[in-house]
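Q: Give the three-dimensional model of this entry:
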Amino acid sequence: MNFNPFFLPIGIGSLPNKDPFKASEIILNYFPESPYWPQLPSKDWKEGMLVQFTEGMPGVAMDGKSVYFQSPFNPVSEWETFYEASSEGHLDDFIIGKEYASGLHALLELLKGKKPLLIKGQIAGPITLGLSLLDEKKIPILYDPNLKEMLLKIIASKARWQEKEFRKVAPEAETLIFLDEPFLSSYGSISMNLGKEEIIECLKSSISSLQGLSGIHICGATDWSVIMETGIKVIHFDAYRYFPNMLAYASELKIFLVNGGILGWGIVPSEEEFIKVETTKNLIANWEKKIELLIKEGIPKEVIIKNSLISQSCGLASISEDLAEKALRLTSELAFILRKRYSPLVIHG
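A: Numbers count the residues shown, from 1 in each chain. Down below sits the predicted model:
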């Protein structure tokens, strides 16, 4: 499918709500053409960004509200089941169940009979998940070859499973699965002992099974040139606070966009102090100032406009329900105005 984003609004993932159907209804109200499923960590700790995707991983042990991994191949039966399912491509063995993602299942139910243009899902990326989850010795599982291999297969399979479920309820819609990678904002620092090639390998492996669009969300500054080498189609960044970081990679971004890449503008803030005072008018002016800087760096205006999505800078779970809804409303209003304002350029450009 030749997908033209042209300022469709999308969401990052988390919301503060506890009712999955209410959260999904709010999303469909503001983003009827491009909904996403809500992650609801306030509802249940299993819906937190990290634990949410450990369902079905072999060797997982839970201690209170924390998760760790037992030594590789223990219990043996779980590893045997995992390898059998993985080798035979049984996607239904890699589901994300209602207990871990009630918002996903609520959205799937509400989407029946609707015809969105785009449906977005998300999963914790391999770097963030692999460095956050520890084994019995408190070592990140990304540093253990056996656990790393398992992790990458789990992420790729759960991403593909989401895509498959979306197409069951809306077969004509484009699908977009984001890797959420906040830890990559630490790339290049002493706190991250990973090289460029390993990061690229992990990200490529995680999106390898996808048939639709792949995306990545990094909510801080990073080396975007590395991300652009992975084959990921959509790059989402915090355009509200970290635009200068993206501007530093303007030459690489030009190539990325000209070759069909899509830029997700996290231009609506996700922090309480900023959402309280922001208006649609201010955000439009903010966005237009920033694209002028990209244009000065040689990126054609029509390329930016045709290949942009509008979003929040990060997830919204840490703020009130009212402010989270305001952020979604601002995103929707901003996207609507930009689509109307720049449609002549898209039609005739």
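
Q: Every contact and neighbour count from this point should use C-alpha atoms.
A: Noted.

Q: in what helix or strand does the residue nearest the centre of the chain lie?
A: Nearest to the geometric centre of the chain sits F178, at 2.9 Å (C-alpha atoms, centre = their mean). Per DSSP states H and E, F178 falls inside strand 174-180.

Q: Show residues contacting that strand.
A: Applying C-alpha atoms under 8 Å, 6 or more residues apart in numbering, the external contacts of strand 174-180 come out as 1, 3, 117-126, 128, 159, 162-163, 166-167, 212-218.

Q: Look up the pLDDT of the residue nearest to the centre of the chain for me, please.
A: Here the pLDDT value assigned to F178 is 98.

Q: just checking, what packs against the lengthiest helix in the chain?
A: As assigned by DSSP state H, the longest helix anywhere in the chain is helix 321-348. Under the contact criterion of 3 or more C-alpha pairs under 8 Å, 6 or more residues apart in numbering; DSSP states H and E, helix 321-348 touches strand 8-9, helix 20-30, strand 262-268, helix 272-275, helix 280-296, helix 301-306, strand 308-312.

Q: Who's the closest spatial neighbour of P182, skipping the chain neighbours?
A: I218 (4.9 Å; C-alpha to C-alpha, 6 or more residues apart in numbering).

Q: pLDDT on stretch 244-262, on average?
A: In this model, stretch 244-262 carries a mean pLDDT of 97.

Q: That one: end-to-end distance?
A: The first residue of stretch 244-262 is 18 Å away from its last residue (C-alpha to C-alpha, to the nearest Å).

Q: going forward, begin numbering at 56 instead of 1
A: Shifting the count to begin at 56 puts that one at stretch 299-317.

Q: Need the residues that contact that stretch.
A: 60, 276-277, 279-280, 283, 288-290, 292, 318, 348-349, 352-354, 358-359, 362-364.

Q: again, but for stretch 116-132
A: Contacts for stretch 116-132 (C-alpha under 8 Å, 6+ apart): 100, 106, 113-115, 134, 188-191, 196, 201-202.

Q: Enumerate the positions of it that are buried.
A: In terms of neighbour count (16 or more other C-alpha atoms under 10 Å), stretch 116-132 has its buried residues at 122-125, 127.
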